[in-house]
Every structure is written in C-alpha cells, then in structure tokens.
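Asks: here is a sequence with its predicted model. Questions after.
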Amino acid sequence: MAGRGDDVPRPNPWRVRFADRPAAEGWKQLLAQAPDNLDRAWVAITGNPRHVDCRQHPLKGALGIVKVGGASLEQWQYEATSGGRLWYAIDDEEWALWITRAGTGHPKQTDQRRAR
C-alpha cells in the first residue's frame, strides 16, 4: 500500500537501461552539461519511443539496427543538444529502451559529409 512519502511510479511501462559502460558514461556527461535537455529527452523517448520529429527519429542504414543481448533491435536517435545525442534501441518484448550511445559531441557515424 502506498502512503505519504513514497515514490510515485512512472505511469508508462518503458524501462530505460544502459547497453554498456560507454553509454552510461556518456549519459553522465550529458547530465552534467544539459540536465534539462536530458530530462526532456527522457520524457520524449519513454512517452513515445517511435515518435518522429526534428529531434527524434530512427537511424538509417546500417545504424538502424543494433544487437543488444543477442536480439536485433531498431535503433533511434534523440538530439538532446546541438551536438549531444542519445541513441536507443527499442525492445518491444521487454518494454525496454536500451541506451546504446550517449554523448555531448556529434557522433561521427551520422556525419553527412562522410557519406559523400
């Protein structure tokens, strides 16, 4: 039974987990640099992980699928700051969002100039 002083659980079912240590370290860097932006990112990705807008979208090509724990999952990106990004994989079966990359700098893998 819940009572005074108890934590209120989030009303949505998505759990957020780190896929590896570098993702966790990148999260800490983003949290130190832009905590409000990271909070908005959290709300956005847990509210609707497949919402598409100017900040949140699926990664393309080879980056669009990532293996996490042996499962091939869709990989998405959320632009937390002008350079800072969150990459996350969506595990519908486990209702989990795996943070696969987080950082304050723009990821080189998505640099358009490299693709030319």
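Replies: In hand now; what should we look at?
Asks: partner strands of the helix or strand encompassing Arg17, with direction?
Replies: Assigned by DSSP states H and E, Arg17 belongs to strand 15-18. Applying DSSP bridges to the sheet, strand 15-18 is found paired with strand 96-103 (parallel).
Asks: on the three-state scheme, the residue at minimal distance from the centre of the chain is what?
Replies: When C-alpha atoms, centre = their mean is applied to the chain, the residue found nearest the centroid is Tyr88 (3.8 Å). Under DSSP: H, G, I helix; E, B strand; the rest coil, the three-state class of Tyr88 is strand.
Asks: partner residues bridging it?
Replies: Trp76, Ile99.
Asks: got it, and Gly103?
Replies: Arg85.
Asks: so what's it up against?
Replies: Contacts of Gly103 were listed using C-beta atoms under 8 Å, 6 or more residues apart in numbering, and they are Gly26, Gln29, Leu30, Gly84, Arg85. No exception for glycine: its C-beta is placed from N, CA and C like everyone else's.
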